[in-house]
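A.B. asks: What follows is a predicted structure for the sequence shown.
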Amino acid sequence: MADTNKPLLIKRYASRRLYNTETSDYVTLEDIALFIREGREVQIVDLKSGDDLTRQYLLQIIAEHESRGENVLPVDVLTDLVRSYTSQAASVVPEFLQASFEMLREGQSKAMENMSKANPMTAMPGFEAMRAQQAAFFKAMTGGMISGSSGSESEADDLGEIKDQLAALQEKLSKMGK
């Protein structure tokens, strides 16, 4: 049985193949993305040198999703990230992004907690389906993946609110870079 508290160790061989040390089989980038979406931490290391390649592969996963038309990050955010590498903001941006995602995770936890507490709305028909849909939405957001719209008005409203918040963050990042 795998210890899910420790990061899943993936070794990259000289052939560039990725090897899952827990299951003793080869995995793809999509497999690694699935592990992460399921809440697993991963660590990818070069077998020969021992170098940690996790960041490189996580960026590659995001790039592959972007190339398939799954817009994870708006162009303005990507542009601001590139700009931050050449400015004094470079040291502040990673901390700012980490804090922003932590706030998103905390918000998700509080929202799910509030929905699960004894509340008259839980007796409403369809409430469980709505809660499951919101949980899936939050899971997708914290996993960094936003799939196509499901047609739900409340989900569209939530997505619009999140886009507004992201735009405000982009504006703050832009001002920090100047």
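C.D. replies: Here it is on my side, so go on.
A.B. asks: mind checking which helix or strand of this structure has the lowest mean pLDDT?
C.D. replies: Within the chain, confidence by mean pLDDT, DSSP states H and E is lowest for helix 127-142 among all helices and strands, at a mean of 67.
A.B. asks: ok, and for the next helix or strand along the chain from that helix, which residues are buried?
C.D. replies: Sequence order places helix 153-176 as the next helix or strand after helix 127-142, per DSSP states H and E. Residues of helix 153-176 classed as buried: 155, 158, 170, 173, 176 (neighbour count, 16 or more other C-beta atoms under 10 Å). C-beta coordinates here come from the backbone N, C-alpha and C atoms, glycine included.
A.B. asks: what do you get for stretch 16-32?
C.D. replies: For stretch 16-32, by 16+ other C-beta under 10 Å, it's 18-20, 27, 31-32.
A.B. asks: From those residues, pick the one nearest Gly39.
C.D. replies: Nearest to Gly39 among these, counting by C-beta to C-beta, is Ile32 at 13.3 Å.
A.B. asks: picking up where we left off before, tell me the one of the buried residues of stretch 16-32 nearest Asp80?
C.D. replies: Nearest to Asp80 among these, with distances taken as C-beta to C-beta, is Ile32, at 26.5 Å.
A.B. asks: Nice, that's everything, thank you.
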